[in-house]
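1. Provide a 3D model corresponding to the input given below.
(one chain, ligands or ions: 1)
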Amino acid sequence: MIENILLIGFMGSGKSTIGKQLSKYLNRNFIDMDEEIEKTENTSITSIFNEYGEEYFRKIETKYLESLLDKNEAIISTGGGIVLKDYNRQLLKKIGKVIFLHADVNHIVENVKDDTKRPLLQTENYVKTISELLESREDKYLSSADIIIQTSGKDVDSIVEEIISLL
Ligand code: S3P
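-> Numbering: from 1, shown residues only. Next up is the predicted model:
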């Protein structure tokens, strides 16, 4: 059995873009958790947050993560908050090899600056929000990871090649 590969990291660290490209290189299925949640719930992540709140979203997110225990050989891009719960972190380890895409704060700010689809960043000072969230999550990303990749300043293909060389 070939292990699943899970990409974790902060919003805007490139999980979906890198995951898609990695799945092409390795000829494996790509699963984007947020997209799958939107399909299953038949609505956007923003609407889920606005109508039912973050806690409800986290419940669906965990439920979807549990369903991935049945998958094999997939490349999975997770939502940036997946590491928040202990239980999710245990699930990640059971599902497959966990790769943390570590981007620095400037890189993240650049990637999300015009974004309207990330409810947690729709604040008055989104740069401050990013710094605070990053600081509170950093240890959780690090302790969940089997492999850590620095992504800032690198292009998608070189990141993908680096991941493959470390598998
Ligand atoms: C979140 C990240 C988002 C999405 C939701 C919450 C977070 O996914 O799951 O908006 O808490 O970091 P991306 O990391 O794909 O943006």
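2. just the helices in the chain please.
-> Applying DSSP state H to the chain gives helices spanning 15-26, 33-41, 45-52, 54-67, 86-95, 105-112, 126-144, 156-166.
3. could you dump those to CSV with mean pLDDT and distance to the ligand?
-> Glycine gets a C-beta too; all of them are placed from N, C-alpha and C. Output for those, formatted as CSV (pLDDT from 0 to 100; distance: least, CB to the nearest ligand atom, whole Å):
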stretch, mean pLDDT, distance to the ligand
helix 15-26, 98, 6
helix 33-41, 97, 5
helix 45-52, 97, 5
helix 54-67, 98, 7
helix 86-95, 98, 11
helix 105-112, 95, 8
helix 126-144, 97, 7
helix 156-166, 97, 16
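4. taking those helices together, which one is wrapped up most tightly?
-> Of all these, helix 15-26 has the most neighbours on average by mean count of other CB atoms under 10 Å, namely a mean of 19.
5. can you give me the first-to-last residue distance of stretch 112-120?
-> 11 Å (CA to CA, to the nearest Å).
6. buried residues of stretch 74-88, list them for me.
-> Judged by neighbour count (16 or more other CB atoms under 10 Å), stretch 74-88 contains these buried residues: 74-84, 88.
7. first to last residue in that stretch, what's the distance?
-> 18 Å.
8. run the chain-centre distance for it.
-> Distance, stretch centre to chain centre, for stretch 74-88: 6 Å (CA atoms, centre = their mean, to the nearest Å).
9. show me what contacts the closest residue to residue 92 other than its chain neighbours?
-> What sits nearest to residue 92 in space, not counting adjacent residues and going by CB to CB, 6 or more residues apart in numbering, is residue 98, at 5.1 Å. Taking CB atoms under 8 Å, 6 or more residues apart in numbering, we find residue 98 in contact with 6, 8, 92, 144-147.
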